[in-house]
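*Asks:* Sharing a model that was predicted from the sequence below.
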Amino acid sequence: MRRLTILVLLLVLFMGHALASEDLFGTGAVERALPREAASLLEGRSPGEVGGFSESLKGLVRGAIRNSRGEVPAALLLTLKIMAVVILSAVLRGSAGELPNRAMGLAATLAVGAVCLDRISGFFALASRTVDSVTAFSGFLFSALASATAATGAVGTSTALYGGTVLLCSLMTRGAEALLLPGISCYMALSVADSALGDGSLKVAGDTVKQLMTSLLKLTVLAFTAYLSLSGVVSGSADSAAVKAAKLAISSAVPVVGSMVADASETLLVSAGLIRSGLGIFGMLGVLAVCAGPFFRTGIQYLMLKTAAAAAAIVGEKELSSLISAMAGAMGLLAGLTGACGVILVVACVCFMQAGG
């Protein structure tokens, strides 16, 4: 019995030393996995810091906006090119007959479509890189969070959360490359073709594709949020009961020092919870840092295209206005893809932090 007591005490001491380790649960790997541009927005914050979330978030937003200012001239240049085509089309079509009018309308549609597609293709690559970067970072992050959560006694919850997040990140990467980005490209092509034909025959098809992409993003966020909530409730109750039973068993099984060992184990669980909190806060900020820049850059281009669509409607080019508005809708879907990735992973971090109470 004395040997058992000594063994338990040594185990507690070794666990305490491990919890004091700086790179416990892979926190160092999480910090190194953050892309350089995103890490610069966090201003030297480390996974071990628990407080100062609001200050770090404010600095992150300011930095992302500052880094996105370079997108304004490029977005403005695209708007000027589009408006040059719109104004030229309005002037020439106003002085031409019916047949030349159709030909110039087709030429204007193709010109606007070519200008927009050339510019927006870069945002497709940006969205793909963002999804890949946030998925790679989340792989290290959720592995560390699952380990820290399990160390607090929420073994079942950590397993359920980790399995769900890893599966979703994999599906998100493959879905973006195989479904979402091709779907947005299809929507843009249908919009250009519909504007070129001028009879609205492809408008329903284009709107249907856009609605499908929008619904897919919404359903992904809702389904994952529901899964996290249900897995946390179901597994959390079992984990709490298991922790209480373990404390009771230690307290009664080990003579003399059993209650001391149980109290020490409680301290270790609290320490693991603090490490998990620091990781969770760093993870949320890291995910937002990865997604904020691309989201702001895409949003700037979206607003500029909406402005150009409104200006085209004012000068009487309603068909071109609809086409430009559709291009803006494609930019909105790309921004929605980036935003959905960020929201899903931030919610996952919050669920990990709340696991086990």
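*Replies:* Yep, that arrived.

*Asks:* Let's verify Gly44: helix, strand, or coil?
*Replies:* For Gly44, the assignment made with DSSP: H, G, I helix; E, B strand; the rest coil gives coil.

*Asks:* May I ask which helix or strand encompasses Gly339?
*Replies:* Assessed by DSSP states H and E, Gly339 sits inside helix 318-354.

*Asks:* Measure how far the helix or strand encompassing Leu106 is from the centre of its chain, please.
*Replies:* Using DSSP H and E, the element containing Leu106 is helix 98-151. Centre-to-centre, helix 98-151 and its host chain are 13 Å apart (CA atoms, centre = their mean, to the nearest Å).

*Asks:* where along the stretch 201-350 of the chain do the helices fall?
*Replies:* 203-253, 258-314, 318-354 (DSSP state H, counting those that start in this stretch).

*Asks:* of all those helices, which lies closest to Gly63?
*Replies:* When these are compared by CB to CB, helix 258-314 sits nearest Gly63, at 8.2 Å. Placement of C-beta: from N, CA and C, glycine included.

*Asks:* Return the angle between stretch directions for that closest one and helix 98-151.
*Replies:* Per axes from the mean of the first three to the mean of the last three CA atoms, to 10 degrees, the angle that helix 258-314 makes with helix 98-151 is 170 degrees.

*Asks:* What is the least confident helix or strand in the protein?
*Replies:* helix 2-19 (a mean of 43; mean pLDDT, DSSP states H and E).

*Asks:* picking that back up, would you convert the helices of the stretch 201-350 of the chain into TSV that also reports mean neighbour count and mean pLDDT?
*Replies:* Below are those laid out as TSV (neighbours: other CB atoms under 10 Å; pLDDT from 0 to 100):
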stretch	mean neighbour count	mean pLDDT
helix 203-253	15	67
helix 258-314	21	78
helix 318-354	22	89
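
*Asks:* a markdown table please, covering these and showing distance to Thr157.
*Replies:* Formatted as a markdown table, these follow (distance: least, CB to CB, whole Å):
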| stretch | distance to Thr157 |
| --- | --- |
| helix 203-253 | 4 |
| helix 258-314 | 12 |
| helix 318-354 | 8 |
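
*Asks:* Looking at those helices, which is nearest to Val72?
*Replies:* Among these, helix 258-314 comes nearest to Val72, with 6.1 Å by CB to CB.

*Asks:* So which of the helices of the stretch 201-350 of the chain is nearest Leu167?
*Replies:* helix 203-253 (9.5 Å).

*Asks:* angle of the helix holding Leu106 against helix 318-354?
*Replies:* Going by the same axes, to 10 degrees, helix 98-151 makes 0 degrees with helix 318-354.

*Asks:* hmm, back to that, check which element follows the least confident helix or strand of the chain along the chain.
*Replies:* Next along from helix 2-19, by DSSP H and E: helix 27-33.

*Asks:* helices or strands up against that following helix?
*Replies:* For helix 27-33, the packing partners by 3 or more CB pairs under 8 Å, 6 or more residues apart in numbering; DSSP states H and E come out as helix 98-151, helix 258-314.

*Asks:* Packing partners of the helix holding Gly339?
*Replies:* Short answer (3+ CB pairs under 8 Å, 6+ apart): helix 318-354 packs on helix 71-94, helix 98-151, helix 155-175, helix 181-197, helix 203-253, helix 258-314.

*Asks:* Columns distance to Val61 on top of the ones you listed, output as CSV?
*Replies:* Output for those, formatted as CSV (distance: least, CB to CB, whole Å):
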stretch, distance to Val61
helix 71-94, 16
helix 98-151, 17
helix 155-175, 24
helix 181-197, 26
helix 203-253, 21
helix 258-314, 7
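
*Asks:* The ones you listed: which one's closest to Leu42?
*Replies:* helix 258-314 (5.7 Å).

*Asks:* quick check: angle from that closest one to helix 71-94?
*Replies:* 30 degrees.
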